[in-house]
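**Student:** Can you look at this prediction? I've put the sequence above it.
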Amino acid sequence: MLKQETNSIDILYSDYKLTEKVKEYIQDEFGDKKSQMFNYIYDENCVEQPNKSAYPGNKIHYNHGFLWTIETSGTIGFNAYYNGKWGVVTNGHVAPMGKRMKCADGTLGTPTFSVIGGKLDVAFIPYPNGWTPTSGLLDDDYEIIYREATESELIEGGPVAKYGITTGHTKNGRIVSISVDVSVQYDDGVKTIRDCFKYTNSSEGGDSGGPVGFGKVRSVFRLIGIHFAGNGKTGSGIKLSNIKAAYPMTVKTGD
């Protein structure tokens, strides 16, 4: 940082060892007199920190049990703005209330809400300060959640793509029902979730919470909802429209 009023240069640093090498270099290059023009100022925030994000389609998890050795995991559905915060949406059974959720970039925190019942199996976990919301599926270099699917795109026979940490990116699925009630065995018993949509994409444990979209080869991904149950051969999803009706939020898209 050049300071014209004092004809000097401020050098901000956060690493003492590296700064010593810089001082030696400047001394050798400019000599004793000119090297006195340089001021060394310690600033722990002077190095730009890399952005942290929770990418849809990637793993989200928490640890519990003896010495926190048991891990329960699912899949990130999408990023959204809710109640003044950007954060992550996944299933309620993936992210229970009070659980400290983690992803590849670090610890997210605990859910603002986590609901199982009615038309929902959904949770929202706000980002820590400094994190960046993203529409990138898996990472910045993969495809994106381009926009929300329209009502006309949620049709029987419509093409479906799904992301899950166990089965990966499954393509060429088809919607077989746009409104069906699904009974699921949860930890506290069987619950029936109403007004779900069902598709032919394969699914396994761990895929829960992942994004499901209207999509086919060489088309953009349009978010329909999040996966929450399956039997290996087919899957069932929570509609984005039902999530937003209960919890008004803005989905992070790339359009």
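**Tutor:** Cool, the structure landed. Numbering: from 1, shown residues only.

**Student:** contacts and neighbour counts: CA atoms only from here.
**Tutor:** OK.

**Student:** in the chain, which ranges drop under the pLDDT threshold?
**Tutor:** Low-confidence segments of the chain (pLDDT under 70): 1-8, 10-19, 40-50, 216-218, 255.

**Student:** show me what contacts the residue nearest the centre of it?
**Tutor:** Nearest to the centroid of the C-alpha atoms of the chain, with distances taken as CA atoms, centre = their mean, sits Ala54, at 2.9 Å. With contact taken as CA atoms under 8 Å, 6 or more residues apart in numbering, Ala54 is in contact with Ile76, Asn79, Val88, Cys103, Ala104, Asp105, Pro133, Thr134.

**Student:** And these, which is closest to Leu240?
**Tutor:** Of all the contacts of Ala54, Asn79 has the smallest distance to Leu240: 12.3 Å, by CA to CA.

**Student:** give me the number of residues near the residue nearest to the closest one when sequence neighbours are not counted?
**Tutor:** Once flanking residues are discounted, Asn79 sits nearest to Val88: 4.6 Å by CA to CA, 6 or more residues apart in numbering. The tally of other residues near Val88 (other CA atoms under 10 Å) stands at 28.

**Student:** Tell me the buried residues in the longest strand along the chain?
**Tutor:** For the chain, the strand with the greatest residue count under DSSP state E is strand 168-186. Neighbour-count burial for strand 168-186, counted by 16 or more other CA atoms under 10 Å, picks out Gly168, His169, Thr170, Lys171, Gly173, Arg174, Ile175, Val176, Ser177, Ile178, Val182.

**Student:** Can you spell out which helices and strands pack onto that strand?
**Tutor:** strand 159-164, strand 189-199 (3 or more CA pairs under 8 Å, 6 or more residues apart in numbering; DSSP states H and E).

**Student:** ok so, going back, check whether the residue nearest to Asn79 really touches Val94, as I assumed.
**Tutor:** No - using CA atoms under 8 Å as the test, Val88 is too far from Val94 to be in contact (11.9 Å).

**Student:** Same list, the helices and strands packed on strand 168-186, but as JSON lines with mean neighbour count and distance to Val122 please.
**Tutor:** Output for those, formatted as JSON lines (neighbours: other CA atoms under 10 Å; distance: least, CA to CA, whole Å):
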{"stretch": "strand 159-164", "mean neighbour count": "26", "distance to Val122": "16"}
{"stretch": "strand 189-199", "mean neighbour count": "18", "distance to Val122": "11"}
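
**Student:** TSV for these, including distance to Glu20?
**Tutor:** Output for those, formatted as TSV (distance: least, CA to CA, whole Å):
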stretch	distance to Glu20
strand 159-164	48
strand 189-199	61
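
**Student:** Quick one: closest of these to His64.
**Tutor:** Here strand 189-199 is closest among the helices and strands packed on strand 168-186 (CA to CA), at 20.4 Å.
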